[in-house]
Each structure stands twice: as structure tokens, then as C-alpha cells.
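In: next come a sequence and a model predicted from it.
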Amino acid sequence: MKLYNVKLLTITCEILAQENIFDILKKHDISGYTTYEVDGNGARGLRGHGLKNEKNVKIEVITREEKLQDVVEEISRTLFANFALVLYVSDVGVLRPEKF
């Protein structure tokens, strides 16, 4: 079994930022992602236990490294100041690299 190296971009943000992130991904020709509703506690307090617009989401994107830099830069430049958002990148291996 051969694994191919790609990147996993993980974004945890308030639900109000979700559509902005989807727009950025689409702009950079990334159509595949997985979302989860999540809750937790952080710098902006306990989130995910109240109203719908107070919920958090986690968005996971597997992509090739060459697409990653522009996406991360745009998200940080346009969204960090206005939304509760955490972003990190991990190395992962996949079996079918043509999907990414």
C-alpha cells in the first residue's frame, strides 16, 4: 500500500464565518471538504451551547501543498480580524491522490 503525502487544513470557526470560508475554497478550486458542528471553550469563552449563530463548526480540507498557501493567506487576511477562528495544517497520507 502506497500513501501519498498531502495536507489536511483544519479550520474551527464560528458558524457565521462558514460561508466566507466556502467562498474562499471555491475561489481556489477546492470543492471537497467535511464539516462538523462542534463546541468548546477558548479565548472567546464557551461556544456552541446557545443560539444557532453562536455555534462553531470544524471544516476539514485535504489538499495538495501548492494550493494551501494562498488559501491560508486569504483566510487569515480576510477573516481573522472579524471572526473567532483557529486554523492549522497537518501532514496526512492518502491512498488516492487523484481525488485531491
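Out: Good, I have the coordinates. Quantities reported herein were computed from a predicted structural model and do not represent experimental measurements.

In: by mean pLDDT, flag the weakest helix or strand of this structure.
Out: strand 45-47 (a mean of 58; mean pLDDT, DSSP states H and E).

In: need the next SSE after the helix of greatest length in the chain, C-terminal direction.
Out: Using DSSP state H, we find that the single longest helix of the chain is helix 65-79. Counting by DSSP states H and E, the next helix or strand C-terminal to helix 65-79 is strand 85-94.

In: tell me where the model's unsure across the chain.
Out: Scanning the chain for pLDDT under 70 picks out 41-53.

In: how does it look with 90?
Out: 39-55, 84, 98-100 (pLDDT under 90).

In: any idea which residue sits dead centre in it?
Out: Most central in the chain under CA atoms, centre = their mean is Ile11, positioned 3.0 Å from the mean C-alpha point.

In: so it sits in a strand?
Out: Yes: using DSSP: H, G, I helix; E, B strand; the rest coil, the assignment for Ile11 is a strand.

In: wait, what's in contact with it?
Out: Ile21, Lys58, Ile59, Glu60, Val61, Ile75, Leu85, Val86, Leu87 (CB atoms under 8 Å, 6 or more residues apart in numbering). Quick note: C-beta positions are derived from backbone N, CA and C, even for glycine.

In: surely Lys26 is within a helix?
Out: Yes: assignment of Lys26 by three-state DSSP places it within a helix.
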